[in-house]
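Asker: no sequence for this one, just the structure:
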């Protein structure tokens, strides 16, 4: 799990440098805001210091995480949304995540998919860059395999 914290630290330092140079708004969001999409499956999820863990021994569970957003009326912005997903398994896992956002001017919803392999005791950055959009209601849904971990979320916005 040290790789998770090392990856997160490097990423946070990168965001700090970008924020200082571009005057962005950047937020970190704890994985405690996430929960299983099916309330009955929430009993299989465990909140730990390292993040939200799927403790179901045999099933992948869909998890939904709200993302803090900055609303700019009809102004467009560049948005960067990232979720750190780790693996507590002795074998690799495949994780699929969907970023869902509303378009502020049209109130239509859009989905952006991202699927990655996470190696044992490692973490990956699921990230999305949305340029020149005014987004509202962002959330991330992930199909989290057994012993998959959602470590946290980072959201950054820059207004034009």
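Answerer: Cool, got the structure. In this text, all values refer to a predicted model and were calculated from it rather than measured experimentally.

Asker: burial count for residue 49?
Answerer: Neighbours of residue 49 under the rule other CB atoms under 10 Å: 5. Every residue, glycine included, has its C-beta placed from N, CA and C.

Asker: hmm, I was thinking of residue 131
Answerer: Applying other CB under 10 Å, we find 10 other residues in the vicinity of residue 131.

Asker: is the residue nearest to it when sequence neighbours are not counted in a bridge, and if so with what?
Answerer: For residue 131, ignoring the flanking residues on the chain, the nearest one in space by CB to CB, 6 or more residues apart in numbering is residue 78 at 5.3 Å. Counting by DSSP bridges, residue 78 forms beta bridges with residue 158.

Asker: wouldn't residue 78 be in contact with residue 128 here?
Answerer: No: taking contacts as CB atoms under 8 Å, residue 78 lies outside contact range of residue 128: 11.4 Å.

Asker: now the common contact residues for the two.
Answerer: Taking CB atoms under 8 Å, 6 or more residues apart in numbering as the contact rule, residue 78 and residue 128 have no neighbour in common.

Asker: coming back round to it: what pLDDT does the model give the residue nearest to residue 131?
Answerer: pLDDT, residue 78: 76.

Asker: now do the one 3 residues further on
Answerer: At residue 81, the predicted lDDT confidence score is 87.

Asker: please, which helix or strand holds it?
Answerer: Using DSSP states H and E, residue 81 sits within strand 77-87.

Asker: could you measure from residue 130 over to residue 87?
Answerer: Distance, residue 130 to residue 87, by CB to CB, to the nearest Å: 27 Å.

Asker: ugh, wrong one, I meant residue 93
Answerer: Note on residue 93: its distance to residue 87, by CB to CB, is 5 Å.

Asker: intersection of neighbour lists for these two?
Answerer: The contact sets of residue 93 and residue 87 overlap at 118, 147, 148 (CB under 8 Å, 6+ apart).

Asker: any idea where the helices of this structure begin and end?
Answerer: Counting by DSSP state H, the chain has helices at residues 2-22.

Asker: return the helix or strand in it with minimum mean pLDDT.
Answerer: When the helices and strands of the chain are scored by mean pLDDT, DSSP states H and E, helix 2-22 comes last with a mean of 48.
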